[in-house]
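Engineer: give the three-dimensional model of this entry:
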Amino acid sequence: MKKRILSFGVPATQNVFTQLGSLDVVFSISDYDAFVFDPSALTQGTVSTDNYVRRQNEIRDLVVGKGGIAICLMRPNSPVGFPLAGRGAGCPG
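Structural biologist: Numbers count the residues shown, from 1 in each chain. The predicted model follows:
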């Protein structure tokens, strides 16, 4: 069976990738075998506190519960502050 990869903010054209256009969509990160994301994509809209916590839990379940992989693209000298509904930009949660 092919591994399924969920991608947020990282363009990919292979058929094993599913693009996550927003953190508000219904896809669960932990339903996939891997999650690839670019933190700079978080600047493209607000994330509710509940949704932010839900996504953190899904990533934890993917890595710890399923033994999956989470890949975060990193860039030097590019701090990411993102608007979190009800909180200031860049709050770690």
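
Engineer: so which residues of this protein form helices?
Structural biologist: Counting by DSSP state H, the chain has helices at residues 49-60.

Engineer: low-scoring pLDDT stretches of this protein, where are they?
Structural biologist: Scanning the chain for pLDDT under 70 picks out the ranges 77-93.

Engineer: ok, and the closest non-adjacent residue to residue 72?
Structural biologist: Once flanking residues are discounted, residue 72 sits nearest to residue 37: 5.9 Å by Cβ to Cβ, 6 or more residues apart in numbering. C-beta here means a position set from N, CA and C on the backbone, and glycine is covered the same way.

Engineer: in contact with residue 34, which residues?
Structural biologist: Contact analysis of residue 34 by Cβ atoms under 8 Å, 6 or more residues apart in numbering lists 3, 4, 5, 6, 62, 68, 69, 70, 71.

Engineer: try it again at 10 Å.
Structural biologist: Taking Cβ atoms under 10 Å, 6 or more residues apart in numbering, we find residue 34 in contact with 3-7, 16-17, 62-63, 66, 68-71.

Engineer: now, which of the residues you listed lie within strands?
Structural biologist: 5, 6, 7, 17, 69, 70, 71 (DSSP state E).

Engineer: would you turn those residues into a markdown table with distance to residue 48 and neighbour count?
Structural biologist: Conversion of the ones in strands among the contacts of residue 34 to a markdown table gives the following (distance: Cβ to Cβ, whole Å; neighbours: other Cβ atoms under 10 Å):
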| residue | distance to residue 48 | neighbour count |
| --- | --- | --- |
| 5 | 25 | 19 |
| 6 | 19 | 24 |
| 7 | 21 | 22 |
| 17 | 25 | 17 |
| 69 | 26 | 14 |
| 70 | 21 | 15 |
| 71 | 24 | 13 |
